Structures are given as C-alpha cells and as structure tokens.
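*Asks:* With the input below, show me the fold.
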Amino acid sequence: MHDNLDEIQSVRLVQYRILNRLAKKGNILFTGSSLMEQFPINELLMNNGMHHAIYNRGIGGFTTDNMLEYMDEMVFGTEPARVFINIGTNDIARPDYSLDRLIRNYEKILILIRDRLPDAEINTLAYYPVNETDKVTDNTMRDMLFSTRTNENIDLANMAVEALAKRMGCNYIDANEGLRDNHGRLKAEYTIEGIHMYANGYQVVFNNLRKYL
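*Replies:* Predicted coordinates for the structure are as follows:
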C-alpha cells in the first residue's frame, strides 16, 4: 500500500497504471478527486449519442498534494490531447485549509502538464456548490464535510482558479448552471450527502460541458 493512502486509493492507482498501458493516446481525460471519479461520463456519452473516447482518472479523497505525487497515473499515462480537471475540494475541506496553498499546488499541477504535454488543451472546472442537507445526521460527519467546505469558500476558490487559469493560458469552465436551488445551494435532489451527486446532477453538468467536448 502507498504511504498515507487507504487501500481503495492504492488499488485505484494500480488499476490506472494498468489501464494507462492499454489506453489510446491523444484522447480526452477527466481527472481529479471523487467528484470526477464518480462522473459517469461514458454512460452519459452513450445516453446522449456521443462517441468520444474519454478516460476518467479521478480518485476519491485526493487533494492537490496527492495529485502532484501521482501525476503519471492521473494525467501523463494516457497522454491526453485535452484535459479536464476538478481537484481541490478536499483541500477546501481540510481543517487547516488555505486558499493560497490550494492555488500554489494547482499552479504546480498546471505547470507540470504544460511541461510534459505542451500541446494539450487544459480545462479547469469550477467546484460544484454544496448543500448541508438533513441527509447527514451525524454531527461529527457534518462538521468534517462542511466546516470549511462552504459555498462561500467554494466561490472564493472558483474565482482564484479562474484567475489562475487565465494567467496560465488555460480554460476555466463553470458548468454549474442549473445545479443551485433558490438559496444558491446544490439542489437536494441531485446530491447524495450534500457534496457528491447522483447521475441527474451529473447530467446537468454534462449538458453544460457538451460544447467543450
């Protein structure tokens, strides 16, 4: 097992190394944390009559620190022509969260991709809104999920990622239209526990991403 990783994360990395050897190069890559790992992109492509080859290399629980350590598995192994990134929500959830640190790490990720894949198109995705629904009844779990991962902090992080992408010559995509309720929170019917989404929520994101795919 890799240091500081749980068994599922370690197995996922091994799976990705093997899959990367089989992957056709020059296609589209989705990468990041669980919000990307759980994106049912290939099923949504089939449902919508699209035939793009999109590889998913998201890993649940990963932070920008983790991604920096495993760029080969999560990015370079597929040699993508286009990259879509959603990483950092777990950074925001940390008790010692720092926006400056998140953006420094994010910049390192983008620099590494630019250096190794100079011709690749890089797309940074806005973080999704959250909703402190009554689906989480355990107060300890609620604090862990939402004490710092608030919509206010997410909005600030999105502005910072947008500015970073512009400075780095990358694209910033806000695919959140239609996800929020009247209070600006993630709609309860889209979310499992206030953060992760069911397929109906991802369908909304997919509809907003179609023109970029």
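
*Asks:* Outside of the helix or strand bottoming out on mean pLDDT in the chain itself, which residues are in contact with it?
*Replies:* Ranking every helix and strand in the chain by mean pLDDT, DSSP states H and E puts helix 139-146 at the bottom, with a mean of 80. Applying C-beta atoms under 8 Å, 6 or more residues apart in numbering, the contact partners of helix 139-146 are 93, 130, 132, 136, 193-195. Every residue, glycine included, has its C-beta placed from N, CA and C.

*Asks:* Of those residues, just say which sits nearest to G60.
*Replies:* Of all these, I195 has the smallest distance to G60: 11.2 Å, by C-beta to C-beta.

*Asks:* how close does the closest one sit to T140?
*Replies:* In this view, I195 and T140 are 16 Å apart by C-beta to C-beta, to the nearest Å.

*Asks:* repeat for Y190
*Replies:* Distance, Y190 to T140, by C-beta to C-beta: 24 Å.

*Asks:* Just want to know which of the two has more residues nearby.
*Replies:* Taking other C-beta atoms under 10 Å, Y190 and T140 do not tie; Y190 has more neighbours (23 against 8).

*Asks:* Kindly reformat the contacts of helix 139-146 as JSON lines containing pLDDT, distance to A160 and neighbour count.
*Replies:* Listed next are these as JSON lines, based on pLDDT from 0 to 100; distance: C-beta to C-beta, whole Å; neighbours: other C-beta atoms under 10 Å:
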{"residue": "A93", "pLDDT": "95", "distance to A160": "16", "neighbour count": "20"}
{"residue": "V130", "pLDDT": "96", "distance to A160": "17", "neighbour count": "23"}
{"residue": "E132", "pLDDT": "86", "distance to A160": "23", "neighbour count": "17"}
{"residue": "V136", "pLDDT": "72", "distance to A160": "27", "neighbour count": "18"}
{"residue": "E193", "pLDDT": "93", "distance to A160": "26", "neighbour count": "16"}
{"residue": "G194", "pLDDT": "93", "distance to A160": "23", "neighbour count": "20"}
{"residue": "I195", "pLDDT": "95", "distance to A160": "20", "neighbour count": "22"}
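
*Asks:* now, which of those sits nearest I113?
*Replies:* Using C-beta to C-beta, A93 comes nearest to I113 of the contacts of helix 139-146, at 24.0 Å.

*Asks:* In three-state terms, label the residue nearest to the closest one when sequence neighbours are not counted for me.
*Replies:* Nearest non-adjacent residue to A93, counting by C-beta to C-beta, 6 or more residues apart in numbering: R149, 4.3 Å away. Assigned by DSSP: H, G, I helix; E, B strand; the rest coil, the conformation of R149 is coil.

*Asks:* isn't R149 right up against T89?
*Replies:* Yes - the criterion here is C-beta atoms under 8 Å, and R149 meets it with T89 at 6.7 Å.

*Asks:* Look up how far N139 lies from the residue nearest the centre of the chain.
*Replies:* Centroid-nearest residue in the chain, with C-alpha atoms, centre = their mean: N86, separated by 2.3 Å. N86 sits 28 Å away from N139, going by C-beta to C-beta.
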